[in-house]
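A.B. asks: Sharing a model that was predicted from the sequence below.
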Amino acid sequence: MPTCPQGHDSTDPAECDVCGRPIGARPVPAPEPDPLPVWDCRNGHPGQTGRFCEVCGHDSHLADDQQPVAPTAAATWSITVAADRAYYDETKSGSTDLRIEFPRFIPPRRFPLTGAALVVGRADPTRGIRPDIDLTGPPEDRAIGRSHAMLVPHEGGWAVVDLHSTNHTFVNDIHTPIPPDHPVPLSAGDRVYLGAWTVLTLHTD
């Protein structure tokens, strides 16, 4: 059965009887996504493109008096960094050009969660990128973006925001990436996956 450029099966070999396009016509290219608007953070960080400033975490959707503040509850929050083999295998199976090896050893790392917003990524001093949670390594997971994600206070705890990263951010479910610019609330024990093998686990002490 003939198939039109849009992928429809057609009983008519000349013209698709689903969409009407000629069977031999070239497929219509997908439209280019609209570029993200550029805005200047009021705290002196120009050229931002997502909802959150990648330097200080300022939320462009909220008024100044609505900006998130660090949790004041007695609980102390932190994250630990580890390598997850199952996540790595899943990432590698979905990418034929992944050239990042799973680390043989990763030293234990823990980052306390304090402040109004914490950028997660890999440092690049030449470009002035110094994330609050620097996952440069060693070992280094090069699939993590320079400014990959952000942790922001949320209702006495924390939430994670993907900063339009190339390789996405996942919370607990390694098959479903979270949407960019939307805070996803976290609870103690939740796991945030990013890069090729990195997992961040949230703790409350």
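C.D. replies: Here it is on my side, so go on. Residues are numbered from 1 along each chain as shown.
A.B. asks: residue ranges of the strands in this structure, please?
C.D. replies: For the chain, applying DSSP state E gives strands covering 39-41, 45-48, 77-83, 109-112, 118-121, 133-134, 147-154, 157-162, 169-171, 184-186, 191-194, 198-204.
A.B. asks: And the helices in the protein?
C.D. replies: 85-93 (DSSP state H).
A.B. asks: Relative to Ile23, how far out is the closest residue to Pro13 other than its chain neighbours?
C.D. replies: The spatially closest residue to Pro13, leaving aside those adjacent along the chain, is Pro2, at 4.8 Å (CB to CB, 6 or more residues apart in numbering). In short, each C-beta sits where N, CA and C put it, glycine included. Distance of Pro2 to Ile23, computed by CB to CB, to the nearest Å: 5 Å.
A.B. asks: now for the strands of the chain, which one comes closest to Glu54?
C.D. replies: Smallest distance to Glu54 across the strands of the chain (CB to CB): 4.2 Å, for strand 147-154.
A.B. asks: by how many degrees do that closest one and strand 157-162 diverge?
C.D. replies: 150 degrees (axes from the mean of the first three to the mean of the last three CA atoms, to 10 degrees).
A.B. asks: and strand 147-154, which strands flank it?
C.D. replies: Partner strands for strand 147-154, per DSSP bridges, with pairing direction: strand 118-121 (antiparallel), strand 157-162 (antiparallel).
A.B. asks: just those strands: most buried one?
C.D. replies: strand 118-121 (a mean of 25; mean count of other CB atoms under 10 Å).
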